[in-house]
Structure formats: C-alpha cells, structure tokens
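Visitor: Coordinates for the following, if possible.
(one chain, ligands or ions: 1)
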Amino acid sequence: MIKNLLVTGGCGFIGSAFIRKILRDTDINIVNLDSLTYAGNPENLIEIEGNHRYHFVKGSIQNPELVENICDYYKIDGIINFAAESHVDRSILDARPFIDTNVGGTLILLQTAMKHKIRRYLQVSTDEVYGSLGESGLFTESSPIQPNSPYSASKAAADHLVSAFVHTYGLNAVITRCSNNYGPFQFPEKLIPLMVLNACEDKKLPIYGDGMNVRDWIYVDDHCSGIWATFLKGKSGEVYNLGGKSEKPNIEIVKTLLKILNKPESLITYVKDRPGHDRRYAIDCSKAESELAWKPAFNFDEGLVSTVNWYLNNPKWCGNVRSGEYMEYYEKQYKI
Ligand SMILES: NC(=O)c1ccc[n+]([C@@H]2O[C@H](COP(=O)([O-])OP(=O)(O)OC[C@H]3O[C@@H](n4cnc5c(N)ncnc54)[C@H](O)[C@@H]3O)[C@@H](O)[C@H]2O)c1
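Guide: Numbering: from 1, shown residues only. You can find the predicted model right below:
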C-alpha cells in the first residue's frame, strides 16, 4: 500500500479535486508539487488548508533536483502526474511551454521514479491523443495515436515515454486517457465556465465554427475516481480510457447553459474556428469498467446544474481567476 503520494499539478482543476478526494477517502499523505502557472490556484485547495497529511511545494516538474529532494524528504512511494499545460488554444499560440512541461517534465518524473524505486506511477493523459473521430465509432485503448494539436502531440509524446520506461526499465506505471471534464474550480478559458461566466454578465458567448464539435463530457469527480481505481488496480504498462458516456455538440451545451441561467440565445456569437479543430471525440471505457470495476456515476444534466450553481455561489473565486492575464488572453483570443 502507498503511504506518501506525490501529486503534481494539484492546484489545477482536476488535481485539486483529486487531492480533496484522497484526503477525504484514505489516510495517505500527499505532497503537491505545482509551479502555479496562470492555471494553478491555491484557492482551489482552501478547504484542506491545515490538514497535517497535506504538504505543498511550489516548483516545477522540470526541476530534477527539486523532484529528487521531494522524493527523498517525504519518502515518496507513488507519483500521479497531473501537471501540464492543458489548453489547446494556448498550444496553438505557443507550443514551447507544452513541450517543456508535458514532455520534458514527464521525463524528469519518470527518471526520478526509477532512481527512487517509486512503487507506482500514473500518467494522467487525454483522449485527444487519439485525434478526431468521424460521425460514428469510439476510441478504444488500441485506437491509433494521431494527435492533431501541439497540446495533444505533447501528451502523446509523454504517454510514449511512460510506456518506454515500463518496457525498458521495468517501471510500474499506468496511463489514463480521459474525455472532457467539467465541474467546480475549472479555469474559465474552458468551454463550460467560460460560457457560464460570460452569460451571467450578459457578455457574448464565442462559439468556434458551426458549434457542432462533439465532446464526451465527464464530471470531474468521476475522472478522479477512475484515476484512483487505475492507480490501485490497473495492470502495469496498460492504458485505461475513462469517459462520461455523454456525447454532446458544443452548441447543445451552450444552449442548455443559457436555459439553466434563463438567458437569451442571442448572446451566442459564432467566431472563426480553431485551426485544426478536432470534430468529434467519444470514448469506449468498457476496459476500465470490466477490469477496474469503475464506472461514471454522475448524470450529465444534474452535474451541469450543480456546476452552474457552484459558479454562481463563488463570485470571489470567479473574480480572482478572471483578473489580469486572463482578460488579456481572452481579448486576444476571441476579438469580440
Ligand atoms: N481538463 C480536461 O478536460 C482534461 C481531460 C483529460 C485529461 N486532462 C489532463 O489532466 C491533467 C490536469 O488537467 P487540468 O484541467 O486540471 O489542468 P489545469 O490547467 O487546470 O491545471 C494544470 C496544473 O498544472 C500546474 N503546472 C503546469 N506546469 C507545471 C510544471 N512545469 N510543474 C508543476 N506544475 C505545473 C499548473 O500550475 C496547474 O495547477 C492534465 O495533464 C491534462 O492534460 C484534462
């Protein structure tokens, strides 16, 4: 059994949900290594402040001495890597930080895991490494890796490194590939929080292209329970797809949000499509269901309403994350 877990990128959207869950459900100690980029927000973990089983270290997974010192000092025996540059649009503006963190940082973690005889490593990856689907079909774990954006290419490269460390050095490691997450604490550059916060202020809602790009949506807590099940039960060297079984075109999500918020559809504004925009993602997660006894528990409509309510009830968090850098990025990106 793992006693001291290193979680990287734990101040982001999914990592913070995962840390809250593990502290609640287990007696494992957690060290969170996060460099606090624009997406990293210590406020996401305010409810666990003072918990004696939680330690925060500000720093980068690209720093080998720091990662080694953490593994030594805290006697780390497991690593789960959430740390990443995670936004496709930003990767199109500048791919460099994506390669540095997502590929270079993962390599440092893997090398340190070998050196320190870490007992278990999990790489949090994405369905985007499979590229785009046509009208039908689902991604399985044996679908070809065909990433289309600098973000997904960097995640695919990291996945290949993890597999190489399993096969070449015998590292005990697993990979999860999950679909689009939604839920509380998501940075408002991503579709759902962006639309909720803009609609609340009667601002335009920018929709790429024709709005018919399809994603498979999963509530963030379902993703976290899938990661934990994979960490505990997954077979080393294997990939496990995690999905929410809720395929929706972007425009349908936005119209549903407007209904929940009682706002007019006239706020919707179609903008120039994202270059190379993948048309459809959909996940077959039957392997995780049968081998890990995991399945998504949240109903999409209920999860969406409770997510909207969370944003409405947390105006301070929303105001803080939308200041400074974010507004500059937003205006440059959408020009509306
Ligand atoms: N959001 C999704 O829908 C989704 C779906 C599937 C997989 N994923 C993957 O899950 C992981 C977490 O995604 P998220 O949405 O929480 O991302 P996020 O952008 O909200 O958080 C990323 C976190 O990583 C930290 N970070 C970035 N570079 C770092 C570095 N060099 N060293 C240490 N910390 C660093 C940031 O400060 C931030 O706290 C990512 O690996 C992402 O690829 C996300």
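
Visitor: going forward, measure contacts and count neighbours with C-alpha atoms only.
Guide: Noted.

Visitor: for stretch 47-64, which positions count as buried?
Guide: Of all the residues in stretch 47-64, those buried under the rule 16 or more other Cα atoms under 10 Å are 54, 56, 59-62, 64.

Visitor: And stretch 290-300, by the same measure?
Guide: For stretch 290-300, the neighbour count (16+ other Cα under 10 Å) marks 292, 294-296, 300 as buried.

Visitor: coming back round to it: got the buried residues of stretch 47-64 as JSON lines, with pLDDT columns?
Guide: Shown next, in JSON lines, are those (pLDDT from 0 to 100):
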{"residue": "54", "pLDDT": "98"}
{"residue": "56", "pLDDT": "98"}
{"residue": "59", "pLDDT": "98"}
{"residue": "60", "pLDDT": "98"}
{"residue": "61", "pLDDT": "98"}
{"residue": "62", "pLDDT": "98"}
{"residue": "64", "pLDDT": "98"}
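
Visitor: would you turn these into CSV with distance to residue 226 and secondary structure?
Guide: Listed next are these as CSV, based on distance: Cα to Cα, whole Å; DSSP: H, G, I helix; E, B strand; the rest coil:
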residue, distance to residue 226, secondary structure
54, 22, strand
56, 24, strand
59, 27, coil
60, 25, coil
61, 23, coil
62, 26, coil
64, 29, helix
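
Visitor: quick revisit: which of the buried residues of stretch 290-300 lies closest to residue 123?
Guide: Comparing those against residue 123 with Cα to Cα places residue 292 closest, at 16.5 Å.

Visitor: Run through the strands of this structure in chain order.
Guide: Using DSSP state E, the strands of the chain run over residues 4-8, 29-34, 54-58, 78-81, 120-126, 173-178, 180-182, 205-208, 214-219, 239-242, 247-249, 268-271.

Visitor: Around the ligand, pick out the residues from the stretch 51-200 of the chain.
Guide: 59-62, 82-86, 101, 124-126, 178-181 (Cα under 6 Å from any ligand atom).

Visitor: what does stretch 327-336 contact?
Guide: 189, 204, 206, 271 (Cα atoms under 8 Å, 6 or more residues apart in numbering).

Visitor: what's near enough to touch the last one?
Guide: If you count contacts by Cα under 8 Å, 6+ apart, residue 271 has them with 206-209, 334.

Visitor: If we use 7 Å, what do you get?
Guide: For residue 271, the contact set (Cα atoms under 7 Å, 6 or more residues apart in numbering) comprises 206-209.

Visitor: Tell me where the model's unsure across this protein.
Guide: Along the chain, the model assigns pLDDT under 70 to no residue.
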